[in-house]
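**Q** A predicted structure for the sequence below; I have some questions about it.
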Amino acid sequence: MLKFCKYQGTGNDFIIMEKSELEGINCSLLAKAVCHRYFGIGADGMILVAPSTIADIQMIVYNADGSEASMCGNGIRCFAKYVYDHGVVGKKYFSVETLAGVMTVEVVAITPEESHVKVNMGTPLYVHSTIPKPATGEAFINQEIELEGHSYQINSLFMGTIHTVMFVSEIDEEKAAHLGKMIENHPMYPQKTNVNFCRIINPHQIEVLTWEKGVGLTLACGTGSAACAVLSTKLYHCEKSLSVFVKGGKLFMEQKEDGVYMTGPANLICEGRYSYEESSQG
């Protein structure tokens with residue numbers, strides 16, 4: 001029986017476990033099992049807590065399909081609440097090792113049920129191994145992609161993980177799911193991509209719906225919201241401090257010289273023990 005806690009951040013939910021208790025277990029298979037909405041606990045991803053030699057603590061993230069993710073914005077807020085609540089890290093401001101580098105987090109408001117966590121998401125990268133080479137210019141900005149005979153304008157950047165953003169006048173979930181899956185698996189993205197559909201409400205507010213690679217449509221995506229905030233400012237002159245509305249709630253983004261700061265909630269949903277037999281997992 002494996003001990004777990006389930007958290008959510010603006011509707012993006014995660015199973016959190018201690019890596020030290022999973023010796024000999026294939027974590028990719030475990031992630032697929034626990035995240036299954038019908039045969040498991042149900043979640044968008046699984047997060048493991050592990051020691052670090054370069055930061056206060058390490059966060060290891062798996063998507064629902066068992067693939068490992070380099071970073072997760074909503075996940076790191078849930079992770080921060082977990083390690084603070086459980087005394088793994090005994091301070092409100094601390095560093096977290098991720099595959100995308102070391103991130104700094106601050107628990108700014110605390111209750112047993114909900115905390116608000118501020119995360120420095122780092123700075124956006126416009127040139128990265130996961131980003132296609134642009135047809136024109138140095139960055140993959142305002143590039144054309146053809147899908148089913150129609151041309152769409154997209155932008156890609158690396159914000160802890162790769163994100164592709166399409167600006168739209170209205171967000172249509174059915175169309176977002178259809179286009180999101182095609183763009184995620186497009187040959188120009190050999191490592192796949194997250195796909196965000198962004199609507200600018202006004203210079204202070206945007207709305208975002210994200211198709212996460214390895215997951216599908218989610219209620220929220222922190223790194224995707226940060227990517228949309230950055231591009232909204234760069235391309236449409238939105239403010240550097242703005243609110244991002246996602247299906248699961250609201251995030252606040254502040255673009256500063258040392259990175260993009262995201263502040264949002266993290267909630268404990270439940271905790272318990274999970275019965276797991278690796279031999280039965282396919």
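**A** Okay, I see it.
**Q** Give me the domain ranges for this structure.
**A** For the chain, automatic domain parsing gives the domain ranges 2-121+265-275, 143-257.
**Q** how far does the last one sit from the chain's center?
**A** When C-alpha coordinates are averaged (C-alpha atoms, centre = their mean, to the nearest Å), domain 143-257 and its chain have centres 12 Å apart.
**Q** For Ala135, find the nearest of the domains of the chain.
**A** domain 143-257 (6.2 Å; C-beta to C-beta). For every residue, glycine as well, the C-beta is placed using N, CA and C.
**Q** Now do the closest one, average pLDDT.
**A** Across domain 143-257, pLDDT averages out at 96.
**Q** would you list the domains of the chain in JSON lines and tack on mean neighbour count and distance to His128?
**A** Putting the domains of the chain into JSON lines (neighbours: other C-beta atoms under 10 Å; distance: least, C-beta to C-beta, whole Å) gives the following:
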{"stretch": "domain 2-121+265-275", "mean neighbour count": "19", "distance to His128": "11"}
{"stretch": "domain 143-257", "mean neighbour count": "19", "distance to His128": "4"}
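**Q** between those, which gets nearest to Val127?
**A** Proximity to Val127 (C-beta to C-beta) singles out domain 143-257 among the domains of the chain, at 8.3 Å.
**Q** Now render the domains of the chain as TSV, adding distance to Ser129.
**A** Converted to TSV, the domains of the chain look like this (distance: least, C-beta to C-beta, whole Å):
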stretch	distance to Ser129
domain 2-121+265-275	11
domain 143-257	8
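**Q** Now do the contacts for the residue positioned nearest the centre of the chain.
**A** Note on the chain: the residue nearest the mean C-alpha position is Cys72, at 3.2 Å, using C-alpha atoms, centre = their mean. Cys72 sits next to 12, 14, 45, 47, 61, 160-161, 222-223 when contact means C-beta atoms under 8 Å, 6 or more residues apart in numbering.
**Q** Among the residues you listed, find me the one that's closest to Leu268.
**A** Phe14 (11.0 Å).
**Q** Quick check: the closest one vs Glu138, distance?
**A** 36 Å (C-beta to C-beta, to the nearest Å).
**Q** quick one, helices of the stretch 51-200 of the chain?
**A** Assigned by DSSP state H, counting those that start in this stretch, the helices in the stretch 51-200 of the chain fall at 73-85, 173-184.
**Q** Need the ones you listed in CSV (columns: distance to Thr193).
**A** CSV is the format used below for the helices of the stretch 51-200 of the chain (distance: least, C-beta to C-beta, whole Å):
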stretch, distance to Thr193
helix 73-85, 16
helix 173-184, 6
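**Q** Among those, which comes closest to Leu125?
**A** Of those, nearest to Leu125 by C-beta to C-beta is helix 73-85, at 15.4 Å.
**Q** Let's test this: mean pLDDT of that closest one, rounded?
**A** 95.
**Q** next one: it to chain centre, how far?
**A** Helix 73-85 sits 12 Å away from the centroid of its parent chain (C-alpha atoms, centre = their mean).
**Q** Return, as residue ranges, the portions of the stretch 1-150 of the chain with sub-threshold pLDDT.
**A** In the predicted model, the stretch 1-150 of the chain carries no residue with pLDDT under 70.
**Q** Strands of that one, residue ranges please.
**A** 2-9, 12-18, 45-50, 57-63, 68-69, 93-98, 101-110, 114-120, 143-147, 150-158 (DSSP state E, counting those that start in this stretch).
**Q** hang on, the earlier thing: do you know which of the helices of the stretch 51-200 of the chain lies nearest Ser67?
**A** The closest of the helices of the stretch 51-200 of the chain to Ser67 is helix 173-184. By C-beta to C-beta, the value is 11.8 Å.
**Q** which outside residues touch the closest one?
**A** With C-beta under 8 Å, 6+ apart as the test, helix 173-184 has contacts from 145, 147-148, 152, 154, 164, 166, 189, 192-195, 197, 209, 211, 213, 216-217.
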